[in-house]
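Here you go, sequence then predicted model.
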Amino acid sequence: MKKMSIVLLALLLTLSLAACGGDGGQQEAASDDAAGAEDSTPYHIGFTLLGTDWVLNYMRTEAEYTVMTENADNGWEYISADFSTDKMQSGVQSMLSSGIDGLIYSGIYTTLTSTIIEGCEAAGTAFVMSEFPPLDDQIEELRASDQFVGYFGANVFGQGYQLGEIAARQGGTVALTISGPIGDTSHDLRVAGFTAAFEEGGGKVVGNAHCNFPTEAIDKSSDLLAAHPDVDAVYGATGVHTLGMVNALKNHNRTDTVKVYCTELDSDLLPEVRAGRMIGDGGTAAEFVLATTLLLNRLAGHPILDDDGKQPVSDEMLPLIVTAENADSFEKEFIDEHPFTEAMIKKFLWKYNKDVSWADYQDFIDNYSLDRIIEQKNAS
Amino acid sequence: MSLAGGFKKNVLPFVLLILAIIVFAVVVNVIFEGKFLTATNINALCISAIIASFSAWGYCFIFALNYMDLSVGAAITLIIYASGELGNLIGPAGVVIGGIAAGVILMTINFNIFAWSKIPSWVAGLGMCLVYEAAAAKYADIMQQNGKYVVLLKEEYSIFGHAPGAYIVFAVGLTAAYILYNRSSLGINVRSIGNNPAIAKAMGIRIPSTLIITGLVCGIFIGCAGFMKESYMLRVYAMTGLSSLSIIFPPLATVLLAQVFERWMNLIISIPFCALLIYIIYNVLSIIGVPSGTLQEAVLGLCVLVFGVIAQKGTREVVK
């Protein structure tokens, strides 16, 4: 009994010390920060990862970095849906049940939107969407929910469209595309964008390989290249699929005659970009950074509203175009380093910047460029 | 006439099938202005078929035991990483050593579980699939946290994914698989256990040790499939949620098709032809403009059914 009392006493003392230490640390952190950083309540944020590939993990990493920039004591958890609607739904429900304060939700499964709204309302959890925009007829339903914070993402159709324009401008006449399975709305829209722009520019898209899994990319690309010996341009809806196409081009000895266009470049494709055989886009991690700041502002009691006083739903942002000229800068700023410095993120957080408004987000969208990012990084 | 001696069977229908494929290929080539029978296209098809054949040979041993292992795809992902990492360190020898060593370790683990756990192999395989997928995803995650990606094999070390390296490995693999499956006591013991474990035991076959040696042999073939895949694709991303099953679809389809032809041709020898046939079907469908993702898969399924019907022609009893 005596021993038990001593153990209990020691435990109580330890907890008291830990509690004192925690408060002190927060106060210290708060005092170190810029004006307005007095609210140091840590939040517990949940994140939905569509699946595990490099780009999606990259987006997750940048969202987590944003959450931790707001407060290093913030909690963070995520689920991977493994590209399955069912796992997305059950994963979100598990996180809501665990008591997260806010949810960063990948909107890719538009059929789940109503379920997510209901779940977040029932749990009293604020949620922000990114990666894939809600359907037009879902926007009002979303805005009617008190828990909906907003949507911030890249223009999926525009991603393919701007590369299609470049491909046509560079003299491409016959093109192939490679993407994920039919029904992957994000990939389908990118391919549709590329096709529209390329054909408006006078070219013709003669075939599209749909890969049920990325491992099929090399064989499906090889089949299409055999079927279309006259092709002079190819478009990959992701870096993973594009790598398969690049390897197939090498096997067919056609790297010098076929120009490659790629959405969501990764650093392994940059040698192709530097060699002038590929042009790609990148930098979409910014969408998750800014979507996360929308959520954190709402949790801090300062929701960002658009010019009409509603939750913002913005899919205007276009990714950066990466060419041989800026490949090194892109790698340094976006792959080797976080694309946003802590100071850049804090400018979008009401906790650190009481003047932040939707105008700042709109300004970012309107002026998003590699030069601008470098300039802001240097200034911060 | 031994069932194991594949060349003693009535091989004529199989030869006729191969001739029919060749005629079909020539016709397609003529109709589509020489797109099919180009050196690069045929080479790409052969290498894809060779890689699938190694996994399929591994599956021959697994199926002969009446087992089903769904973790092979996830194991191949880990083998690819081991092969790529060691390959980038010490060159092509590392690609081979890393691949085979990882294959042997993982398949030995699986077969030990099959031998000692007494749970159905497909349940154990499914469990191990999730474990291996999680390990691969964790590796990818750790790499990403350190600012890197899953391993990308240096192109200069990828000789086993291209001619002539791939063909040399294939020749060695085909010979080894044929001897081990058809001419060795291991192959006979494996089929005996698969047919009736009780009789096999009564015959004096030591079942646990046979299972573990089979796991080792399977590991070598699966390991070869892994290092060749890494050499061919250079990088494979981690897959979770049983997505790695996609890796075993082509070899599984190959084995099933080869089993259809088994009455005419030795299983081990027919596997590369069946793998090539599957890749040819996809290739020709692309050339004639059938869209991928829907119709191509449907046509492949129909082809498998047609071949099955041809193979079962003359069978009187109900086939289960």
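Received it, and whenever you're ready, just let me know what you need. Keep in mind it's a predicted model, so treat the numbers as computed, not measured. Residues are numbered from 1 along each chain as shown, chains lettered A, B, ... in the order given.

which stretches of chain A have low pLDDT?
Low-confidence segments of chain A, defined by pLDDT under 70: A:1-39.

continuing past the helix or strand containing A:Phe47, what's the next helix or strand?
If you go by DSSP states H and E, A:Phe47 is part of strand A:44-49. Next in sequence after strand A:44-49, counting helices and strands by DSSP H and E, comes helix A:54-70.

tilt between that following helix and strand A:44-49?
Inter-element angle recorded for helix A:54-70 and strand A:44-49: 170 degrees (by axes from the mean of the first three to the mean of the last three CA atoms, to 10 degrees).

Which element is encountered next along the chain beyond helix A:54-70?
Following helix A:54-70 in sequence order, the next helix or strand is strand A:75-80 (DSSP H and E).

Just confirm yes or no for the helix or strand just after that following strand near chain B.
Remark: after strand A:75-80, the chain's next helix or strand is helix A:85-97, criterion DSSP H and E. Yes. Legend: contact between helix A:85-97 and chain B by CB under 8 Å from any CB of the partner chain is shown at A:Lys87. The way it works is simple: take the backbone N, C-alpha and C, and place the C-beta from them, glycine included.

For the strand holding A:Phe47, list every residue counted as buried.
Neighbour-count burial for strand A:44-49 flags A:44-49 (criterion: 16 or more other CB atoms under 10 Å in any protein chain shown).

May I ask which two of those are separated the most?
Across the buried residues of strand A:44-49, the longest distance by CB to CB is 16.7 Å; it joins A:His44 and A:Leu49.

Is any residue of stretch A:335-349 near chain B?
Yes. Stretch A:335-349 reaches chain B (CB under 8 Å from any CB) through A:335-336.

quick one: which of the buried residues of strand A:44-49 is nearest chain B?
Proximity of those to chain B was ranked by CB to the nearest CB; the top entry is A:Leu49 with 10.0 Å.

The closest one - nearest residue in space that isn't next to it in sequence?
A:Ser80 (4.5 Å; CB to CB, 6 or more residues apart in numbering or on different chains).

didn't the one you found look like it was pressed against B:Thr240?
Yes. The pair A:Ser80 and B:Thr240 qualifies as a contact (CB atoms under 8 Å) at a distance of 6.1 Å.

Please enumerate the strands of chain B.
Counting by DSSP state E, chain B has no strands at all.

residue boundaries of the helices in it?
Remark: helices assigned in chain B by DSSP state H are B:12-31, B:39-64, B:72-90, B:92-117, B:121-145, B:165-178, B:185-195, B:197-202, B:207-233, B:245-260, B:267-287, B:295-311.

could I get those helices as a markdown table with distance to chain A?
Converted to a markdown table, the helices of chain B look like this (distance: least, CB to the nearest CB, whole Å):
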| stretch | distance to chain A |
| --- | --- |
| helix B:12-31 | 11 |
| helix B:39-64 | 4 |
| helix B:72-90 | 9 |
| helix B:92-117 | 16 |
| helix B:121-145 | 5 |
| helix B:165-178 | 11 |
| helix B:185-195 | 29 |
| helix B:197-202 | 35 |
| helix B:207-233 | 6 |
| helix B:245-260 | 4 |
| helix B:267-287 | 4 |
| helix B:295-311 | 8 |
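
Reformat those as CSV; add mean neighbour count.
Shown next, in CSV, are these (neighbours: other CB atoms under 10 Å in any protein chain shown):
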stretch, mean neighbour count
helix B:12-31, 13
helix B:39-64, 24
helix B:72-90, 26
helix B:92-117, 21
helix B:121-145, 18
helix B:165-178, 18
helix B:185-195, 19
helix B:197-202, 13
helix B:207-233, 25
helix B:245-260, 22
helix B:267-287, 23
helix B:295-311, 14
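
what's around the residue nearest to A:Leu49, how many residues?
A:Ser80 has 21 neighbours, counted by other CB atoms under 10 Å in any protein chain shown.

what does A:Leu135 give?
14.

for it, phi and psi?
Main-chain dihedrals, A:Leu135, degrees, to the nearest 10: phi -70, psi 160.

how near is it to chain B?
Look at A:Leu135 and chain B: by CB to the nearest CB, to the nearest Å, they are 23 Å apart.
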